[in-house]
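Student: What follows is a protein structure lacking sequence information:
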């Protein structure tokens with residue numbers, strides 16, 4: 001049975017979070033874009049707003065992680081500015097083990113690779129396409145081009 005996977009991105013403005021799709025975004029520093037990635041699988045929140053960080057950098061790390069995952073390799077990184085570890089470990093055909101580790105908890109979930117990468121690519125397309133209206137578009141185009149290359153790679157599997 002296929003699991004429902006949803007991915008949303010937000011920018012942090014003052015003490016609240018604004019969906020990236022908002023018409024009115026306020027980015028105070030192009031070099032340090034605070035925001036959050038929310039990842040839910042079958043209604044279980046694996047990454048939430050409390051894991052906010054430099055969202056553009058985190059998404060770039062995850063692009064690298066997806067590339068490794070599609071190559072059948074394990075991936076591990078820390079969030080850019082939080083003591084959170086993120087790990088993707090390929091498992092049985094078409095699945096991987098997602099792990100998010102902090103000093104307080106360790107979340108683990110077996111996730112279908114195709115559903116995960118499709119949901120992440122969709123969220124990344126929305127994020128970087130919207131963000132390029134607010135900051136240097138070349139930075140966003142670079143990440144969008146990486147996503148496009150990986151979409152083709154994922155389709156070949």
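Tutor: Sure, I can see it. Only a predicted model underlies this, so the values are computations on that prediction, with no experimental measurement involved. Numbers count the residues shown, from 1 in each chain.

Student: For the residue most central in space within the chain, which residues are in contact?
Tutor: For the chain, the residue nearest the mean C-alpha position is residue 59 (4.5 Å; Cα atoms, centre = their mean). Contact analysis of residue 59 by Cβ atoms under 8 Å, 6 or more residues apart in numbering lists 9, 37, 124, 127, 128, 143. In this view, the C-beta of every residue, glycine as well, is placed from N, C-alpha and C.

Student: would you turn these into JSON lines with neighbour count?
Tutor: Listed next are the contacts of residue 59 as JSON lines, based on neighbours: other Cβ atoms under 10 Å:
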{"residue": "9", "neighbour count": "23"}
{"residue": "37", "neighbour count": "24"}
{"residue": "124", "neighbour count": "23"}
{"residue": "127", "neighbour count": "26"}
{"residue": "128", "neighbour count": "25"}
{"residue": "143", "neighbour count": "19"}
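
Student: Just the ones of those residues in helices?
Tutor: Among these, DSSP state H puts 124, 127, 128, 143 in helices.

Student: so where's the protein uncertain?
Tutor: Low-confidence segments of the chain, defined by pLDDT under 70, are located at 1-2.

Student: any idea which of the contacts of residue 59 is closest to residue 79?
Tutor: Residue 79 lies nearest to residue 37 out of the contacts of residue 59, by Cβ to Cβ, at 9.6 Å.
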